[in-house]
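Engineer: turn this into a structure:
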Amino acid sequence: MKKFFILLLLLAGALFTLAQNAITDYNSLPVDTMQLFRQKGQFADSFKRKVFSSAADSDKVWQYYILGGQNTFNNPDTALMYAHKGLELAKKIHFETGEYYSNEIISMNLLFTGNYTGSLSIEFSQYNQLNKTDNNYRIAWHLHDVGIVYLVGGDARTALGYFLHALKTIQAHTLTYPMSAGIILMNTGLAYENLNELDSATLYLHKALALDSLSHYNYGAPLRDLGDIYAKRGKAETAMDLYRKSYYASKYLNPILFDVVQSYNSMADLFEKDGQYDSALFYANKSISEGKDFPTSMIQAYTVLTKVYKNRNAFDSAFKYQELTLNVRDRVFNTDKSKQLQTFLFNEQEHQREIQQKLNEANLKYRSRLNVYMLLGGLIIVLIVAGGLWRRNVYRRKSIELLEKQKEEIQSTLTQLKSTQKQLIQSEKMASLGELTAGIAHEIQNPLNFVNNFSDVNQELLAELKDEIEKGNLDEVKSIANDLIENEQKINHHGKRADAIVKGMLQHSRSSKGVKEPTDINALADEYLRLSYHGLRAKDKNFNADIKTDLDESIGKINMIPQDIGRVLLNLFNNAFYAVNEQKKRNSACYNPTVSVSTKKFDNRIAITVSDNGNGIPKNIIDKIFQPFFTTKPTGEGTGLGLSLSYDIIKAHGGEIKAESKEGEGSEFKISLPVV
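Structural biologist: Numbering: from 1, shown residues only. Next comes the predicted model:
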């Protein structure tokens, strides 16, 4: 509705220029009537004189038409007077072309004054006459006019249908009528904008601007419409640039006052939304001062002023402009007019249904005979199709049976795969436990050796103590007793050490309950590093490697499931020692195998890094190492589940694990865990 009067001005301009150019030959149409829009006032005085001096009645009809078009811009009542005189004279002399164009002037002015029903009634009547002709230009422009009435009436979807039909009709004549086609394209874009389909609106507006450039018309309305679209998309800077270009074109290149006023309104609205209230007031007041003859423009300007004063808490002024807005809106778009329009549209639809029904009855007999022949042909086709369907049904049953059999085979295979998967996961867990047990056995051997050795020594000391007591040598007795006490302390120390190792083994082998507890990550990493190393040495007595640790003591204890994180670390350490051992076998002379682990705290996260100088991971498979069942180890040495399970455990803790590697130089695994 906000574009109400610009659409009317376009139509009036089209009608007016059509007659101006046709004055030299009343029985022909110009190449493009819209090309003369800028000449709309050139012949006004001469037309008035010719109304009283021309001898030919057809000339007078055209002159009344021109005077009606001229006054459409300023005085609709005068325009209607001239148009009705032209229509009366055209009917009297049976001048059908004159009747058509006189009715166009009447329809336009009815639309100006808000009589949508009267305007649409004339347009439908004109359209029914035009359907009997082959003048595609006139048909297209008339479809466009009907679309305008629907758009003004608030039915953008129906209007869009008429605009698209008009574009299809004039499509073959676009270069012949570039300006008229451009205006139809522009209003198609406007209909899409009203429907909030902004991509389509942008497309058609750009097409309109392309034809505008072709005809050198320098029209400002499409630029402003594009600015409105960019404003809706939140691109205020681009929208303002388009508004200014529209203002320049409308003010200086092709002066149209309504376009100038609309540019003011668009800029005022954009400034108000951006909070630049002084600028918004400036342009809104300019719109009011220059656009007093355009009610819809006044409504837009009053609306902006209402918002500005409301935002500035000037409620008296805001109420004043709100009242003005309601008054103008009620005068232009009142409920009675909308009801009249809806009633007319309903009646017109009923009328079209009646026409269609009569046409159907007229063709009923012909269709009946045709249906008999079609029925016979249809029966033959049905028999052929039925035979084909029967064969197809037989083939379909066989296909279904085959698919059912394949489904059963696939289901059986899937069950076997799931069973195998469970076995492989259990195998991976048992292999991990075996490696851990081997390391623990090697670790526990040292404290047990200490316990056994000191126990033997204590037996000898006790024997000596007994002898010295019998001899009465108290000094020696005290010395031996002190040695016994010291040895017992060492036995107790190594016993507790063995106890801690056994408890750790039991804790690791126990199934996780998923309960997080405060854990010393440094101690956990150091323990599993040693267990992994001794586990590998238990398998291969010739294996040796340097172990480096860089543990951040400021980390303290963090909440985690120690059994699960222990499994992850053990898996990474086992892989690292395996990699350096394989590299050692290839470069036994000059290679020093090294495995490192470091911890570091960063804000609310900790990082655990496990690195080695082994053989590395090829680039083409590093993205696959966390996939289930993928392994780089030879067949029989790995299940491909270790890193996959580790990945799942770290993700369950809200962390992430990444791998970096250079083939032939080594690998590095980084774990990041939240501190909670």
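
Engineer: and the helices in the stretch 551-676 of the chain?
Structural biologist: 562-586, 642-652 (DSSP state H, counting those that start in this stretch).

Engineer: and these: which comes nearest Ser246?
Structural biologist: Closest to Ser246 of the helices of the stretch 551-676 of the chain, according to C-beta to C-beta: helix 642-652, at 56.0 Å. Yep, even glycine has a C-beta here, placed from its N, CA and C like the rest.

Engineer: leaving out sequence neighbours, find the closest residue to Leu198.
Structural biologist: Ile229 (5.2 Å; C-beta to C-beta, 6 or more residues apart in numbering).

Engineer: could you report the pLDDT at the one you found?
Structural biologist: What the model reports for Ile229 is a pLDDT of 92.

Engineer: now the element after the helix or strand hosting it, going C-ward?
Structural biologist: Here Ile229, judged by DSSP states H and E, is contained in helix 221-232. Next along the chain after helix 221-232, taking DSSP H and E as the criterion, comes helix 236-248.

Engineer: and that following helix, what's buried?
Structural biologist: Within helix 236-248, the residues scored as buried using 16 or more other C-beta atoms under 10 Å are Ala239, Met240, Leu242, Tyr243, Lys245, Ser246, Tyr247.

Engineer: next: stretch 540-552.
Structural biologist: Within stretch 540-552, the residues scored as buried using 16+ other C-beta under 10 Å are Phe543, Ala545, Ile547, Leu551.

Engineer: cool, stretch 461-473 as well?
Structural biologist: Buried residues in stretch 461-473, defined by neighbour count with 16+ other C-beta under 10 Å: Leu461, Glu464, Leu465, Glu468.

Engineer: give the contact list for the last one.
Structural biologist: By that I understand Glu468. Glu476, Val477, Ile480 (C-beta atoms under 8 Å, 6 or more residues apart in numbering).

Engineer: return the distance of it relative to Leu529.
Structural biologist: Note on Glu468: its distance to Leu529, by C-beta to C-beta, to the nearest Å, is 47 Å.

Engineer: likewise for the second one?
Structural biologist: Separation of Glu464 from Leu529 (C-beta to C-beta): 43 Å.

Engineer: also the first one?
Structural biologist: With distances taken as C-beta to C-beta, Leu461 is found 38 Å from Leu529.

Engineer: ditto for Asp330
Structural biologist: Remark: distance between Asp330 and Leu529 (C-beta to C-beta) = 85 Å.

Engineer: same question for Asn587.
Structural biologist: 23 Å.

Engineer: between those two, who's got more neighbours?
Structural biologist: For Asn587 versus Leu529, neighbours defined as other C-beta atoms under 10 Å are more numerous around Leu529 (24 against 11).

Engineer: what is the subsequent helix or strand relative to the helix or strand containing the more buried one?
Structural biologist: Here Leu529 is covered by helix 521-539, with elements defined by DSSP H and E. Sequence-wise, the next helix or strand downstream of helix 521-539 (DSSP H and E) is strand 546-550.

Engineer: tell me how far that following strand is from the chain's mean position?
Structural biologist: 50 Å (C-alpha atoms, centre = their mean, to the nearest Å).

Engineer: tilt between it and helix 562-586?
Structural biologist: Strand 546-550 runs at 140 degrees relative to helix 562-586, counting by axes from the mean of the first three to the mean of the last three C-alpha atoms, to 10 degrees.

Engineer: quick check: closest non-adjacent residue to His206.
Structural biologist: Excluding its sequence neighbours, the residue lying closest to His206 (C-beta to C-beta, 6+ apart) is Leu226, at 7.7 Å.

Engineer: okay, now that neighbour: neighbour count?
Structural biologist: Using other C-beta under 10 Å, Leu226 has 24 neighbouring residues.

Engineer: touching, it and Leu203? I think so.
Structural biologist: No - taking C-beta atoms under 8 Å as the definition, Leu226 is not a contact partner of Leu203, at 10.9 Å.

Engineer: between the two, what contacts are shared?
Structural biologist: Counting by C-beta under 8 Å, 6+ apart, no residue touches both Leu226 and Leu203.

Engineer: quick one: low-confidence ranges for the stretch 201-350 of the chain?
Structural biologist: 213-219, 293, 332-350 (pLDDT under 70).

Engineer: ok, now with 80
Structural biologist: Low-confidence segments of the stretch 201-350 of the chain (pLDDT under 80): 211-219, 254-258, 291-296, 328-350.

Engineer: for it, what spans make up the helices?
Structural biologist: In the stretch 201-350 of the chain, the helices defined using DSSP H, counting those that start in this stretch lie at 221-232, 236-248, 257-273, 277-290, 295-311, 315-332, 335-362.

Engineer: now the ones you listed in JSON lines, with distance to Gly472?
Structural biologist: Formatted as JSON lines, the helices of the stretch 201-350 of the chain follow (distance: least, C-beta to C-beta, whole Å):
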{"stretch": "helix 221-232", "distance to Gly472": "112"}
{"stretch": "helix 236-248", "distance to Gly472": "109"}
{"stretch": "helix 257-273", "distance to Gly472": "110"}
{"stretch": "helix 277-290", "distance to Gly472": "113"}
{"stretch": "helix 295-311", "distance to Gly472": "111"}
{"stretch": "helix 315-332", "distance to Gly472": "116"}
{"stretch": "helix 335-362", "distance to Gly472": "130"}
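
Engineer: right, so of those helices, which gets closest to Phe669?
Structural biologist: In terms of C-beta to C-beta, the element of the helices of the stretch 201-350 of the chain nearest to Phe669 is helix 236-248, at 49.0 Å.

Engineer: now that closest one: how far from the chain's centre is it?
Structural biologist: Between the centre of helix 236-248 and the centre of its chain there are 27 Å (C-alpha atoms, centre = their mean).

Engineer: output whichever strand or helix holds Ser200 as PDB - backbone C-alpha positions only.
Structural biologist: Assigned by DSSP H and E, Ser200 falls within helix 198-215. Output of helix 198-215 as PDB, limited to C-alpha atoms (Å, rounded to 0.1, in the frame of the first residue of the first chain):
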ATOM      1  CA  LEU A 198      13.300 -10.600  -1.300                       C
ATOM      2  CA  ASP A 199      15.600 -12.600  -3.600                       C
ATOM      3  CA  SER A 200      12.900 -12.700  -6.300                       C
ATOM      4  CA  ALA A 201      12.200  -9.000  -5.700                       C
ATOM      5  CA  THR A 202      15.900  -8.100  -6.100                       C
ATOM      6  CA  LEU A 203      16.100 -10.100  -9.400                       C
ATOM      7  CA  TYR A 204      13.200  -8.400 -11.000                       C
ATOM      8  CA  LEU A 205      14.200  -4.900  -9.900                       C
ATOM      9  CA  HIS A 206      17.700  -5.400 -11.400                       C
ATOM     10  CA  LYS A 207      16.000  -6.500 -14.600                       C
ATOM     11  CA  ALA A 208      13.900  -3.300 -14.500                       C
ATOM     12  CA  LEU A 209      17.100  -1.200 -14.000                       C
ATOM     13  CA  ALA A 210      18.800  -2.900 -17.000                       C
ATOM     14  CA  LEU A 211      15.900  -1.900 -19.300                       C
ATOM     15  CA  ASP A 212      15.800   1.500 -17.700                       C
ATOM     16  CA  SER A 213      19.500   1.900 -18.700                       C
ATOM     17  CA  LEU A 214      18.600   0.700 -22.200                       C
ATOM     18  CA  SER A 215      15.900   3.300 -22.700                       C
END
